[in-house]
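[1] Sequence unavailable; structure follows:
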């Protein structure tokens, strides 16, 4: 089976903190959960995996590309094309409509802009009536779904989510999980979730505990 | 979707702040442009009416007054001179051509000038209707005078002594209009022309016994050499004085040039202020938008894309400010033209650009680019990971 992600000897140094991460591989089609309590470097690992922080010690290989070897500009381009990220508190460009916020992902991800695909993604996520609204008029749940649509706009191989279920009751946490799995599947992406939420533990076969 | 559209929507998203910035920018551009246009129009208006006149002779007094009175017809004459003495000077070998003028009387504030038909040739004036005068008390009126008072061929009018509203009317000698001049942008548009005899008869110097007087004489030299010897000769050897229009006009421009350059400094400072307001509005909006910018980076945008987004926003504000400013300057000049026209025969076309205006536009646009550089550079330097996680907490 093809390995999509390979992490080896990965460390990251902050001025007052030295984080060491376990080695792990993720195979094609394998959803994974990175689990850990606050302060163990979950967000740092997410930022390292998505190329927001440069790898300085150890190695991350994604789709046979060593992230440490990429320049900042190629790292930006690589992330735009191959990795969709849903942040814990999604933010948007407020001057642009909901639809335009998805379209700019394709613009900056440097894939062909496909309005129809963006609209169908938004409809799939129940936002078809909101496409011309401003992002700051959306509810919290709608914002999260918009963030998912934006993360999937470029057809990435990997969809990374930061704490997607934090603060939700069991029923809604279940809903969000199901939605993420469904969207990842229908867009042929593997789903990576970073969370401290133990309710998710049973749902992933592949778990990386920090 | 493209970067330009995003920048445009970002500008439109903050309409009040954008409008304030554009207005501040526009005021600076408008003032600078206005001063350039006025300075240029004055310059052109004055130089155009010199029409190759090298020297003016008239009664002794202020040389500037003599020029303003005889060339531009905006001041009172210095007095009269003897026609014989003027004729003698006209025959001097260094004089190529000369035209004698007699004036002092007006009709409704418009000056009546006694002269010869050569005067019209000097200004390339043409008749739009009728004929030139053939005998005393026939007159030809300038285009603006005809328009203003609705004068046409065959109309009669009485001249008044002096130029103010209470001037004494010469009631016994009516003038008849025989022709109307085409508008040609020169001082002739503002004048009523007739022959010398009309002026002499109005003032009662009948017959040949009395010595004839004129007000001034315009002279063109045969060579530039005359400029050195003739003026001095006139001043020292005759009862007349000489004045050189080019020198007097330059002196005049030096006088109010100081005023114009002071105003230009003020206008330019206002423009810089407009640039600073672009800078401040970009900078303060970027503080709020740091997360947005980090987010755009996380979507795959390179640093240069962010730089260009900010730059384009600034250029949009700068271009709009410049356009509004230029429109204000040209529009208000068009409104003021009515006044300037009556006094100097200055004509300003709404979309004629003064020579300095191209530089002004380039300077305004460069200013908007410069204003964007610091904010754009600071946004390029943001630590994407740090900004994204700071806002998460």
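    Right, received. Where do you want to start? None of the values given here were measured: they were computed from a predicted structure.
[2] per-residue pLDDT, residue B:336?
    Looking at residue B:336, its pLDDT is 75.
[3] My error: substitute residue A:200 in the last question.
    Reading off the model, residue A:200 has pLDDT 89.
[4] Please apply the same query to residue B:188.
    You'll see residue B:188 listed with a pLDDT of 89.
[5] which residues does it contact?
    B:120, B:123, B:125, B:142, B:181 (CB atoms under 8 Å, 6 or more residues apart in numbering or on different chains). All C-beta atoms are positioned from the backbone trio N, CA, C, and that covers glycine.
[6] Now render these as CSV, adding distance to chain A.
    Formatted as CSV, the contacts of residue B:188 follow (distance: CB to the nearest CB, whole Å):
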residue, distance to chain A
B:120, 65
B:123, 60
B:125, 61
B:142, 59
B:181, 61
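[7] Where strands are concerned, which of those count?
    Of the positions in those, residue B:181 sit in strands, assigned by DSSP state E.
[8] now, which of the contacts of residue B:188 sits nearest residue B:371?
    residue B:123 (49.1 Å; CB to CB).
[9] Distance-wise, check that closest one relative to residue B:220.
    13 Å (CB to CB, to the nearest Å).
[10] where are the low-confidence patches of chain A?
    Counting by pLDDT under 70, chain A contains low-confidence ranges at A:1.
[11] Ok, the stretch 201-350 of chain B next?
    B:204-210, B:337-350.
[12] on that earlier part again, check the contacts of residue B:188 for burial and list the buried ones.
    B:120, B:123, B:125, B:142, B:181 (16 or more other CB atoms under 10 Å in any protein chain shown).
[13] on contacts alone, who are the packing partners of the longest helix along chain A?
    Secondary structure assigned by DSSP state H gives helix A:170-186 as the longest helix of chain A. Judged by 3 or more CB pairs under 8 Å, 6 or more residues apart in numbering or on different chains; DSSP states H and E, helix A:170-186 is in contact with helix A:140-152, strand A:158-162, strand A:190-195.
[14] Please spell out which residues along that helix are buried.
    A:173, A:176, A:177, A:179, A:180, A:183, A:184.
[15] From the centroid of the chain, which residue is nearest?
    No chain in the question, so chain A it is. The centroid of chain A falls nearest to residue A:160 when counting by CA atoms, centre = their mean (2.1 Å).
[16] could you do chain B instead?
    Closest-to-mean residue, chain B, CA atoms, centre = their mean: residue B:41 / 2.0 Å.
[17] Please name every helix or strand in contact with the helix or strand that contains that residue.
    Using DSSP states H and E, residue B:41 falls within helix B:15-48. Applying 3+ CB pairs under 8 Å, 6+ apart, one finds that helix B:15-48 contacts helix B:245-298, helix B:303-344, helix B:355-380.
[18] What helices and strands are in contact with the shortest one?
    Counting contacts by 3+ CB pairs under 8 Å, 6+ apart, the secondary-structure elements packed against helix B:355-380 are helix B:15-48, helix B:245-298, helix B:303-344.
[19] among those, which is nearest residue A:65?
    Across the helices and strands packed on helix B:355-380, closest to residue A:65 is helix B:245-298 (CB to CB), at 18.0 Å.
[20] Would you pull up how far that closest one lies from the middle of the chain?
    Relative to its chain's centre, helix B:245-298 lies at 23 Å (CA atoms, centre = their mean, to the nearest Å).
[21] picking that back up, quick one, the helix holding residue B:41 and helix B:303-344 angle?
    Relative orientation of helix B:15-48 versus helix B:303-344 (axes from the mean of the first three to the mean of the last three CA atoms, to 10 degrees): 40 degrees.
[22] Quick check: buried residues in helix B:15-48?
    So for helix B:15-48, counting by 16+ other CB under 10 Å, buried means B:17-18, B:21-46, B:48.
[23] Look at residue B:174 and say how many residues are nearby.
    12 (other CB atoms under 10 Å in any protein chain shown).
[24] Backbone dihedrals for it, please?
    Main-chain torsions, residue B:174, degrees, to the nearest 10: phi -70, psi 140.
[25] wait, doesn't it sit right on residue B:139?
    No: taking contacts as CB atoms under 8 Å, residue B:174 lies outside contact range of residue B:139: 10.3 Å.
[26] okay, and the common contacts of these two?
    Both residue B:174 and residue B:139 lack any common contact, where contact means CB under 8 Å, 6+ apart.
[27] Which residues of chain A lie near chain B?
    A:43, A:47, A:50, A:52-53, A:72-73, A:76-77, A:79-81, A:85, A:87-89, A:91-96, A:100, A:103-110, A:113, A:150, A:154, A:162 (CB under 8 Å from any CB of the partner chain).
[28] picking that back up, how close does the residue nearest to the centre of chain A get to chain B?
    11 Å (CB to the nearest CB, to the nearest Å).
[29] Turn the helices and strands packed on helix B:15-48 into TSV, including mean neighbour count and distance to residue B:72.
    Below are these laid out as TSV (neighbours: other CB atoms under 10 Å in any protein chain shown; distance: least, CB to CB, whole Å):
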stretch	mean neighbour count	distance to residue B:72
helix B:245-298	18	9
helix B:303-344	19	7
helix B:355-380	18	23
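[30] I'd like to know which of these is closest to residue B:107.
    In terms of CB to CB, the element of the helices and strands packed on helix B:15-48 nearest to residue B:107 is helix B:303-344, at 14.8 Å.
[31] Now for residue 181: which residues touch it?
    Chain wasn't specified; assuming chain A. Applying CB under 8 Å, 6+ apart, the residues contacting residue A:181 are A:31, A:191.
[32] Not quite, go with chain B.
    Contacts of residue B:181 (CB under 8 Å, 6+ apart): B:120, B:125, B:126, B:127, B:128, B:140, B:141, B:142, B:143, B:146, B:188, B:189.
[33] try 6 Å
    Listed by CB atoms under 6 Å, 6 or more residues apart in numbering or on different chains, the contact set of residue B:181 reads B:125, B:142, B:143.
[34] what does residue B:56 give?
    B:66, B:67, B:70, B:216, B:218, B:243.
[35] quick one: it is in a strand?
    Yes: using DSSP: H, G, I helix; E, B strand; the rest coil, the assignment for residue B:56 is a strand.
[36] ok, now how distant is it from residue B:68?
    For residue B:56 relative to residue B:68 (CB to CB), the value is 10 Å.
[37] Smallest distance to chain B belongs to which residue of chain A?
    residue A:80 (1.6 Å; CB to the nearest CB).
[38] okay, now residue B:109: neighbour count?
    Residue B:109, neighbours per other CB under 10 Å, totals 15.
[39] before we move on, back to that, among the helices and strands packed on helix B:355-380, single out whichever gets nearest to residue A:196.
    Per CB to CB, nearest to residue A:196 of these: helix B:245-298, 21.8 Å.
[40] do you know how far the closest residue in space to residue B:275 that isn't next to it in sequence is from residue B:274?
    Take residue B:275 and drop its neighbours on the chain: the residue closest to it by CB to CB, 6 or more residues apart in numbering or on different chains is residue B:367, 4.0 Å away. As judged by CB to CB, residue B:367 and residue B:274 stand 7 Å apart.
[41] repeat for residue A:67
    From residue A:67 to residue B:274 the distance is 45 Å (CB to CB).
[42] same question, residue B:108
    Residue B:108 is 46 Å from residue B:274, by CB to CB.
[43] Over to residue A:139?
    Applying CB to CB to residue A:139 and residue B:274 gives a distance of 41 Å.
[44] do residue B:124 as well
    44 Å.
[45] go on, residue A:194?
    48 Å.
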